[in-house]
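K.L.:
Below is the sequence, then the predicted model.
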Amino acid sequence: MKAYEVVIGLEVHAELNTASKIYCSCRNSFGGVPNTQVCPVCMGLPGALPTLNEAVVEYAVRMGHALNCQIHTVCRQDRKNYFYPDLPKAYQISQAEIPLCENGYLDILADGEWKRIRVNRIHIEEDAGKLLHDDRYSGSLVDLNRCGVPLIEIVSEPDMRSSAEAKAYLDAIKSILLYLGISDCKMQEGSLRCDVNVSVREKGAGALGVRCEMKNVNSFRAAVRSIEYEAKRQIGILEAGGTIQQETRRWDDAKGRSFVMRTKEDAQDYRFFPEPDLGTIVLEPAKVQALRESIPELPGAKVQRYQEDFGFSPTEAMLIAEHKERAALLDACTELGKCKPKSICNWILSDVAKYSNDTGKPICETPLTAEGLTTLIEQVEKGVISNTAARQVFAVMMETAQEPLVIIEKLGLVQNSDRDFLEQLVTEILADHAKSVCDYKNGKTNALGYLVGQCMKRSGGKANPAMIRELVAKKLHE
Amino acid sequence: MKLYRKTASELSAMLRKRECSAAEICKDTLARIHVAEDRIGAYITQCEDVMQQAQKVDKALAAGEVLHPLAGIPVAVKDNISTKGIRTTCASRMLEHYVPPYDATVIEKLRRAGMILIGKTNLDEFAMGASTETSYFKKTHNPHNTEYVPGGSSGGSAAAVAAGETILALGSDTGGSVRQPAAFCGIVGLKPTYGSVSRYGLIAYASSLDQIGAMGRSVHDTAMLYSLICGYDKMDATSVQKSYPDFAAACSADIRGLRIGVPKEYFGDNVHPAVQAAVWKGIRLLERGGAVVKEISFPSMEYAVNAYYIIASAEASSNLARYDGVRYGFRAEKTDSLTDMYVKTRSLGFGDEVKRRIMLGTFVLSTECYDAYYKKALLMQRRIKQEFADAFQMCDVLITPVYPTAAFQPGALAEHPLMRYTGDICTVPANIAGLPAISVPCGMTEQGLPIGMQITGPHFAEQTILNAAYAYETLCGGFPMGGAV
Amino acid sequence: MKIDIAHLAGLAHLHIDKEQLPQFEKDMQAIADMMGQLPELDDILEPDAENAMPLRADVPEENKFTRDELLANAPCTESGCFAVPKIVEQEA
């Protein structure tokens, strides 16, 4: 078999979490009783006209800045014409010729390597309604609540070469959307969706292969699976001497395979033309600049900073940075300067992340504060309490929202570092466990750990473990 | 008392002097409708609450409330303007039973001013036509000679005003649909600057060209109605933010020094000699009143109709795609799939002219034709705008015919499909360029059919063209309410 | 350019009866030929910055219409929804 390369381009649709819809003042909220979040405009009544929501433009421009795009300060909207019951006007107001944002890029970290993925464009458009099926009814039912929910479509260049890169790209896009606070990114609610374009070519070939577009990809996991499936399918065809047909396919995640939706021949003619009901979008340069300045430090920059300033590994840095809340907590903790950034990182990625996962609560909804966490870590670093004790304190902190020092005091967890006391304790333990001492001297070095453990046990966990270890070792060598 | 023969300005004064009541005006108008409507056929729907509306105004007047000058004055509304609770059909089977749940912005303004909504007037289906013959419901007849069409597409509104079945009317003008029927029926029709009247609630034919216009029997009446309906509307993104004065109050017949441009391209061989003569007579009258006349040239005029039909049908094909039988309007029965329902609904719901324009629009927007048709049309539109801008460096208004002929008989257009389109040659340039233009009666043919004169001005120069029209009206001694009916 | 009525009718979801086809074709071809007579202008079309529109502030308004009012014109409703014939996936 020849060596093949998979070429992937992604179109990500993200619903924006503005307060009102894109072209009318209806509330932009998920779900609701069917057809209760609609008005003459978003249900396409004759004579109703669209008015563009300022926040949609701002959100899209911010995303454009975040993805290093050129912003078109003069642009317009176009109609995309097609018939479907969930599209009340029989056209979608979108942007064809001139998108708000164009020619950007996003650096992703895949397999420990940085890679630059070019972003072709970001444009604004309206979402369509939903089709429902009711077993008691033989036809299809149309709910228009979602009509006019604002979307941005982020179109990448075909720059990804593996499903892992595609996953990293999607994770990065999602993370940025959350950092900017412009989308809820709830895939199960459909607020983040993607279309996947896949082609394959022989390694080293210049021209791109014929691509297939996959629709109905409803999760990142589905994206990965559909890419892998599609690459395999196309390579299979080529290996068998066949040619790839350009087509749109539908991903069926349950079956784990895709099906042809339409071929190139019956590709639709959307008859795009400028939306005559709307004027030109004209952005003042000062406004564009102000939006640029409103962009917070993004995960890519954070990863680099964590690596350079704190010595985190790329994976650790990414695990923190791509998670807005973890990064916020880490930044707040390091700001306090009470303990080592590496210790904070370990705590966030272990106990904090675990608590958040187990309870399903985002960090901001827990009682945890940067002050509390750093104080706790500081006690460990100073040797006041042991790591084991710290975990116990952490659990109480999360439960009762008490200060760590108060908990340590209350539970009497302060570590005993009194050298005379500890020497006395070690002497007693060694005397009680003569066999282990003998074993150690005969070369069974793991007896050391056992003896340390016994000391800790008798001290009720309060003995300073580092000192105990040192003393036990010293006494065994005497 | 024949109050229906009076102008809005006269009735407004009489109401304030308690010489008549709104109820009397309405009673008289309804009686007139009762007499004339059988022969005219102006209305698709007549409002049932006319007298209640009138009594409300009379009560307010009696209570000494300060009302809008047009309070108590009957107004008819073209049936493509949405009226809450009153069916709005666009003269199409597709919307035969459609009752809008909201009022168009202009309707809100009429209601707030206390105008009396008399009824919804006939039009060419979805305003596509020049004779009101493509209406699904009925034919409307020209009050000057019922053997002739009233023009279109606002034929119902024009005929109603001319026949005294209302005092004022709203029309809509995409390519001449206010001005041409006004000319055919011998009344005044103003197509305002694009963006000066809100389109919210106007059922779209071609969004970038459509504009609601005012129709009346005098220039002052027309100015009063326009002053009421114009203004910025946040619900219409194409509406223009500026201050709009009271055009009626500012009407002046003093036109000394007014520079009138006469573009020779509007007086080509296709324009009937009687029309040419009548319009020139009007121009000479204004000249005697102190205006300065100069002939100018408008080279791209010959392309205006082509560009117009490309843009209008392109937008129409998209605007009319929403009529699919899902959310409102007609739905075909016995369909076996979604696509079948769409196709049957649209094929039975729309008339032939609408289908033709939808398909033409689909054609010019298709991938293969976009550059050769649609894009070229937009470029031509820009050139035409530029030529108008150049012309308005040299003159204040342009005076031209409204239509190459006076009213014709039914069926005339059906025999000449191209004539359906080329007849609009004098009116479409103003739509293409978004300019205000007014049609005023300027004489009669030998058969006794009215001829119209069109006065076009620069963007937002409504006052200038209204003044020129007012001057003409004054100089010629007013526009008599004639007609066979 | 040649007019293909069947293709255009398909795109526009219209059906033209066989006996009507020749007349439609003749009329529309004449109009299309007329419309095609536009000169080549070597200009570029850019959005008109002078035609800038005001943007709407992102403030939601409570719905002024009840669902019943908005559904009142629908030819067929079911459970508060617009009802249409069963949709087969291929039609997407």
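P.N.:
Perfect, I can see it now. Computed from a predicted structure; not experimentally measured.
K.L.:
Please report how far the spatially most central residue of chain C lies from B:Ala183.
P.N.:
Chain C has C:Ala12 as the residue nearest its centroid, 7.3 Å off, counting by Cα atoms, centre = their mean. Plainly put, C:Ala12 is 33 Å away from B:Ala183 if you go by Cβ to Cβ, to the nearest Å. Yep, even glycine has a C-beta here, placed from its N, CA and C like the rest.
K.L.:
returning to what we had before: OK, contacts around the residue nearest to the centre of chain C?
P.N.:
Shown in contact with C:Ala12 (Cβ atoms under 8 Å, 6 or more residues apart in numbering or on different chains): B:317, B:321, B:346, B:355, B:358-359, B:362.
K.L.:
Of these, which ones also sit close to chain A?
P.N.:
Subset of the contacts of C:Ala12 in contact with chain A: B:317, B:321, B:362, counting by Cβ under 8 Å from any Cβ of the partner chain.
K.L.:
Does the first one belong to a helix, a strand or coil?
P.N.:
So that's B:Ser317. helix (DSSP: H, G, I helix; E, B strand; the rest coil).
K.L.:
Tell me which residues touch it, please.
P.N.:
For B:Ser317, the contacting residues are A:81, A:271, B:357-362, B:365, C:12, by Cβ under 8 Å, 6+ apart.
K.L.:
Quick one: residues contacting whatever residue of the stretch 351-478 of chain A ends up closest to chain C.
P.N.:
The stretch 351-478 of chain A approaches chain C most closely through A:Cys364 (23.8 Å), counting by Cβ to the nearest Cβ. Applying Cβ under 8 Å, 6+ apart, we find A:Cys364 in contact with A:Glu325.
K.L.:
Now it. Its backbone dihedrals?
P.N.:
Dihedral pair for A:Cys364: phi -70, psi -20, per degrees, to the nearest 10.
K.L.:
and it, what pLDDT?
P.N.:
Per-residue confidence for A:Cys364 comes out at a pLDDT of 87.
K.L.:
A:Asp269 touches B:Thr367, doesn't it?
P.N.:
Yes: if you go by Cβ atoms under 8 Å, A:Asp269 and B:Thr367 touch, sitting 5.4 Å apart.
K.L.:
These two: which is more packed in?
P.N.:
Shown here are A:Asp269 and B:Thr367; by other Cβ atoms under 10 Å in any protein chain shown, A:Asp269 has more neighbours (15 against 11).
K.L.:
mind pulling up the phi and psi values for the more buried one?
P.N.:
With angles defined as degrees, to the nearest 10, A:Asp269 sits at phi -100, psi 100.
K.L.:
Please report how far it lies from chain B.
P.N.:
With distances taken as Cβ to the nearest Cβ, to the nearest Å, A:Asp269 is found 5 Å from chain B.
K.L.:
Could you do A:Val224 as well?
P.N.:
Distance of A:Val224 to chain B, given as Cβ to the nearest Cβ: 33 Å.
K.L.:
In three-state terms, how would B:Asp424 be classified?
P.N.:
Taking three-state DSSP as the rule, one finds B:Asp424 in the helix state.
K.L.:
Now do the contacts for it.
P.N.:
Residues counted as contacts of B:Asp424 (Cβ under 8 Å, 6+ apart) are B:130, B:175-176, B:180, B:305, B:308, B:403.
K.L.:
any chance of the residues you listed in CSV, with pLDDT too?
P.N.:
Listed next are these as CSV, based on pLDDT from 0 to 100:
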residue, pLDDT
B:Ala130, 95
B:Gly175, 97
B:Gly176, 98
B:Gln180, 98
B:Val305, 94
B:Tyr308, 96
B:Tyr403, 96
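K.L.:
Put the buried members of the residues you listed into a ChimeraX selection.
P.N.:
Command for ChimeraX that selects the buried part of those, burial taken from 16 or more other Cβ atoms under 10 Å in any protein chain shown:
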select /B:130,175,176,180,305,308,403
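K.L.:
which ones among the contacts of B:Asp424 are found in helices?
P.N.:
Among the contacts of B:Asp424, the members found in helices (DSSP state H) are B:180, B:305, B:308.
K.L.:
can you narrow these to ones near chain C?
P.N.:
With Cβ under 8 Å from any Cβ as the criterion, these include B:Val305 near chain C.
K.L.:
Go through the ones in helices among the contacts of B:Asp424 and say which is closest to chain C.
P.N.:
Nearest to chain C among these: B:Val305, at 7.7 Å, using Cβ to the nearest Cβ.
K.L.:
so that closest one sits right up against B:Asn431, yeah?
P.N.:
No: using Cβ under 8 Å, B:Val305 is not in contact with B:Asn431; the gap is 10.8 Å.
K.L.:
What's the local residue count around A:Leu336?
P.N.:
Neighbour number of A:Leu336 under other Cβ under 10 Å is 14.
K.L.:
which residues in chain C form helices?
P.N.:
Under the criterion DSSP H, chain C contains helices at C:5-11, C:21-36, C:67-71.
K.L.:
before we move on, what about the stretch 51-200 of chain B?
P.N.:
With DSSP state H, counting those that start in this stretch as the criterion, the stretch 51-200 of chain B has helices at B:105-113, B:155-162, B:179-185.
K.L.:
And for the stretch 101-250 of chain A?
P.N.:
Ranges of helices within the stretch 101-250 of chain A are A:163-180, A:220-239, based on DSSP H, counting those that start in this stretch.
K.L.:
Now the residue in chain C positioned nearest to chain A. Nearest residue, chain neighbours left out?
P.N.:
Of all residues in chain C, C:Met53 sits closest to chain A, at 3.0 Å by Cβ to the nearest Cβ. Once flanking residues are discounted, C:Met53 sits nearest to A:Gly279: 3.0 Å by Cβ to Cβ, 6 or more residues apart in numbering or on different chains.
K.L.:
from memory that neighbour sits against B:Ala237, does it?
P.N.:
Yes: taking contacts as Cβ under 8 Å, A:Gly279 lies within contact range of B:Ala237: 5.6 Å.
K.L.:
Now for the two: what residues contact both?
P.N.:
The contact sets of A:Gly279 and B:Ala237 overlap at C:Met53 (Cβ under 8 Å, 6+ apart).
K.L.:
can you map out the strands along the stretch 1-150 of chain A?
P.N.:
Counting by DSSP state E, counting those that start in this stretch, the stretch 1-150 of chain A has strands at residues A:4-15, A:70-71, A:74-75, A:78-81, A:91-94, A:101-110, A:113-126, A:130-132, A:140-143, A:150-156.
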